[in-house]
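Asks: all I have is the shape, not the residue letters:
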Ligand SMILES: Nc1nc2c(ncn2[C@@H]2O[C@H](COP(=O)(O)OP(=O)(O)OP(=O)(O)O)[C@@H](O)[C@H]2O)c(=O)[nH]1
């Protein structure tokens, strides 16, 4: 028996398995990744999960091992599987899939990848998004970035990668706030994190807020309910929405674990200041990696034609791909306005767009959120408005578009 729709020749003969959610943990050296992982693997939610770490020796999970297998995977006493990144991440992720497919692994509900402290997280995310097979079997659930309250600001000053780690996070975990210097430096750090990433909920590790319940299921799809939570995933309200007039809501509900601090509402650090990061209110003046980061959202009531969306994304990716740290969106297509298209990209690599059967709530606007590095909001906004606003919706070849709404090179089509 073969699937008749959309199934490449090499794919499973049986029903395509549900994609496995993938969580990426980043954070600079000593930020507390291993401490967090130790707590996470003990959580019942991680029982059928696997964690991938850089080197076992150094990370101190050894006491949890119960058995090593010949494929390099070890079983932890909690039931969670563990594997080091040997060779590359692709091999490691394929090893898990082989284990599942040949039943050597009973159940795999999630994979958590701990990246090295120095890493720019983009290549890890792209590894999965750009791989034609892995992208069918895994889906990115979320990026968790740990920031140490004692050294966080100094690290952000010194290392651009640390700034990128914060900017692309879906969840920010702040550690070491229990230490006096950590507590003292927290308000300034939170202000800075808010400016870099207004949408990610900030969780205080020392208060026990960083748990499986708050960290996992950060993606579009809730693994338990199988429902797409577009509002939480996009968190578009958390970004400044300038430019277009059709953003009447002015919600202030970003983040479910908000910790109020004085810079609240100052997100992006770039209000009315799009060409250069003015960062009014910030005192730091050394090495401002932060000033290169922009986060903003575009929203429009207009339906967008598939052709113009494709042109917009193609232009943006080909000219400025490396500057797009992350982009998420939901689009009302002119040709098929009732089934929104979900977009997700990291630099020039885009996840195959997903189609939802219906809008999840009353907000049917196209909304795109961007986190960019050295790419001005104004430029992106003008490009979007120019391309999608100027062209009338295409209508002639509706069937072709409905069948294949986004034939963007590098996209493998809607699922
Ligand atoms: N006081 C305090 N110490 C913490 C906290 N989180 C982590 N630590 C300590 O900070 C040190 C570094 O933590 P790790 O979990 O090893 O950090 P890591 O990010 O895995 O470090 P690398 O593997 O070097 O990248 C350890 O001594 C931890 O016990 C915290 O919230 N409060």
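Replies: Done, it's in. What you are looking at is a predicted structure, and each value in this text was computed from that prediction instead of being measured.
Asks: so residue 326 touches residue 168, yeah?
Replies: Yes - using C-beta atoms under 8 Å, residue 326 makes contact with residue 168 at a distance of 4.8 Å. For glycine as for every other residue, the C-beta is placed from the backbone atoms N, C-alpha and C.
Asks: common neighbours of these two, please.
Replies: 346, 371 (C-beta atoms under 8 Å, 6 or more residues apart in numbering).
Asks: so where do the strands sit in the stretch 101-250 of the chain?
Replies: Ranges of strands in the stretch 101-250 of the chain, per DSSP state E, counting those that start in this stretch, are 110-114, 138-148, 171-175, 202-204.
Asks: now those in JSON lines, with mean neighbour count?
Replies: Output for the strands of the stretch 101-250 of the chain, formatted as JSON lines (neighbours: other C-beta atoms under 10 Å):
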{"stretch": "strand 110-114", "mean neighbour count": "24"}
{"stretch": "strand 138-148", "mean neighbour count": "25"}
{"stretch": "strand 171-175", "mean neighbour count": "26"}
{"stretch": "strand 202-204", "mean neighbour count": "22"}
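Asks: need these in TSV with mean pLDDT and distance to residue 216, can you?
Replies: Output for the strands of the stretch 101-250 of the chain, formatted as TSV (pLDDT from 0 to 100; distance: least, C-beta to C-beta, whole Å):
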stretch	mean pLDDT	distance to residue 216
strand 110-114	90	7
strand 138-148	92	7
strand 171-175	96	9
strand 202-204	95	12
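Asks: closest one to residue 311 among the ones you listed?
Replies: Shortest distance between residue 311 and those, using C-beta to C-beta, is found for strand 138-148: 25.6 Å.
Asks: in stretch 37-55, what's buried?
Replies: 37-41, 43, 45-46, 49-54 (16 or more other C-beta atoms under 10 Å).
Asks: can you check stretch 206-215 too?
Replies: Here stretch 206-215 shows 206, 209-210, 212, 214-215 as buried, counting by 16+ other C-beta under 10 Å.
Asks: separation between the residue nearest to residue 318 when sequence neighbours are not counted and residue 116?
Replies: Nearest non-adjacent residue to residue 318, counting by C-beta to C-beta, 6 or more residues apart in numbering: residue 348, 7.5 Å away. According to C-beta to C-beta, to the nearest Å, residue 348 stands 23 Å off from residue 116.
Asks: give me the more crowded residue out of these two.
Replies: residue 348 (18 against 15; other C-beta atoms under 10 Å).
Asks: hmm, the more buried one is touching residue 323, no?
Replies: No - checked against C-beta under 8 Å, the pair residue 348 and residue 323 is beyond contact range at 9.6 Å.
Asks: picking up where we left off before, pipe the strands of the stretch 101-250 of the chain into JSON lines and attach distance to residue 120 per row.
Replies: Listed next are these as JSON lines, based on distance: least, C-beta to C-beta, whole Å:
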{"stretch": "strand 110-114", "distance to residue 120": "14"}
{"stretch": "strand 138-148", "distance to residue 120": "12"}
{"stretch": "strand 171-175", "distance to residue 120": "17"}
{"stretch": "strand 202-204", "distance to residue 120": "21"}
